[in-house]
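Engineer: Structure here, sequence nowhere to be found:
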Ligand SMILES: O=S(=O)(CCO)c1ccc(-c2ccc(C3CCCC3)c([C@H]3C[C@H]3c3ccccn3)c2)cc1
């Protein structure tokens, strides 16, 4: 897959998105506002418009006990799980399997009144990253989703407006070994999750409507998805 047509784009977008996800909200620049908080979850956005359309970048940070970054990325990347946790999904197709860690998806999302229905076509790449800050620590894991084109599925042909997105899920596992040298259990691990997304809604949709959708849907999505991973992994061996 290293010679695949998308390989160089994937390499550069993954590096750019991971660097962005690693940038603490304090160094992200001005204008970021905390718009949702729930326990350990903090969700920030910045109001930005492109051609009069709201394309507000979003950055969420969350810490979830009992799961690893590999597990979070495994369930986020895997097409076989998506209908279980992505509530706004109407139809999902894997258009291309580029390699076991790189897929091309076509998804239609449920229509959100009064906006017209949307679809999205993106490559999705999962990767383990070396832990640069702690060489003995567990690796980081990431999934990057980036809009792309496919000759058989041109945008805005059917009823759906094509949206364009860039998403990065970056996960860092934390291990607090038990004092008495006992074997590691899920009580000794947690995962720090950073979720970044920028969505261009494609066709016109009222900024107020889009912002209401994002405000409602993003916190719901991250809570539901992480609860799904906890539930899927609780009786399984830890996947580092
Ligand atoms: O992280 S992913 O790659 C996970 C793979 O599925 C991702 C995340 C979010 C979206 C998305 C993009 C745009 C919209 C809006 C824009 C105008 C009208 C629909 C929505 C609407 C359905 C709402 C929504 C927002 C946030 C989270 C989930 N649901 C969702 C797509 C993919």
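Structural biologist: That came through fine. No experiment lies behind these values; they were computed from the predicted model shown. Numbers count the residues shown, from 1 in each chain.
Engineer: Spatially central residue in this protein, please.
Structural biologist: By CA atoms, centre = their mean, the chain has its centre lying nearest to residue 169, at 4.1 Å.
Engineer: where does the residue located most distally from the centre of the chain sit relative to residue 188, distance-wise?
Structural biologist: Most distant from the centre of the chain: residue 180, at 36.7 Å, with distances by CA atoms, centre = their mean. Distance, residue 180 to residue 188, by CB to CB, to the nearest Å: 12 Å. Every residue, glycine included, has its C-beta placed from N, CA and C.
Engineer: name the element the residue nearest to the centre of the chain belongs to?
Structural biologist: Element membership of residue 169, judged by DSSP states H and E, is strand 164-175.
Engineer: ok, for residue 13, nearest residue in space, not its chain neighbours?
Structural biologist: Leaving aside its sequence neighbours, residue 13 sits nearest to residue 146 (CB to CB, 6 or more residues apart in numbering; 5.1 Å).
Engineer: who's in contact with the residue lying closest to residue 204 once chain neighbours are set aside?
Structural biologist: Among residues not flanking residue 204 along the chain, residue 53 sits closest, at 6.5 Å (CB to CB, 6+ apart). By CB atoms under 8 Å, 6 or more residues apart in numbering, the contact set of residue 53 is 200-201, 204-205, 207, 210.
Engineer: And residue 53, how far from residue 27?
Structural biologist: Per CB to CB, residue 53 is found 27 Å from residue 27.
Engineer: Tell me the helices and strands packed up against the longest helix seen in the chain.
Structural biologist: Counting residues, the longest helix in the chain under DSSP state H turns out to be helix 207-233. Applying 3 or more CB pairs under 8 Å, 6 or more residues apart in numbering; DSSP states H and E, we find helix 207-233 packed against strand 33-38, strand 41-45, strand 53-54, strand 58-65, helix 69-77, helix 82-85, strand 189-200.
Engineer: The same query, at a cut-off of 6 Å, please.
Structural biologist: Applying 3 or more CB pairs under 6 Å, 6 or more residues apart in numbering; DSSP states H and E, one finds that helix 207-233 makes contact with strand 53-54, helix 69-77, helix 82-85.
Engineer: And the ligand, is it touching that?
Structural biologist: Yes. Using CB under 6 Å from any ligand atom, we find that helix 207-233 touches the ligand at 210, 213-214, 217-218, 221.
Engineer: Any chance of a PyMOL selection covering the buried ones in those residues?
Structural biologist: Filtering the residues of helix 207-233 next to the ligand down to the buried ones (16 or more other CB atoms under 10 Å) takes a single PyMOL command:
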select buried, resi 210+213+214+218+221
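Engineer: Quick check: of the residues of helix 207-233 next to the ligand, which lies closest to residue 21?
Structural biologist: residue 218 (15.4 Å; CB to CB).
Engineer: how about the residues of this structure near the ligand?
Structural biologist: For the chain, the contact set with the ligand under CB under 6 Å from any ligand atom comprises 86, 88, 107, 109, 112, 115, 118, 120, 145, 163, 165, 167, 197, 199, 201, 205, 210, 213-214, 217-218, 221.
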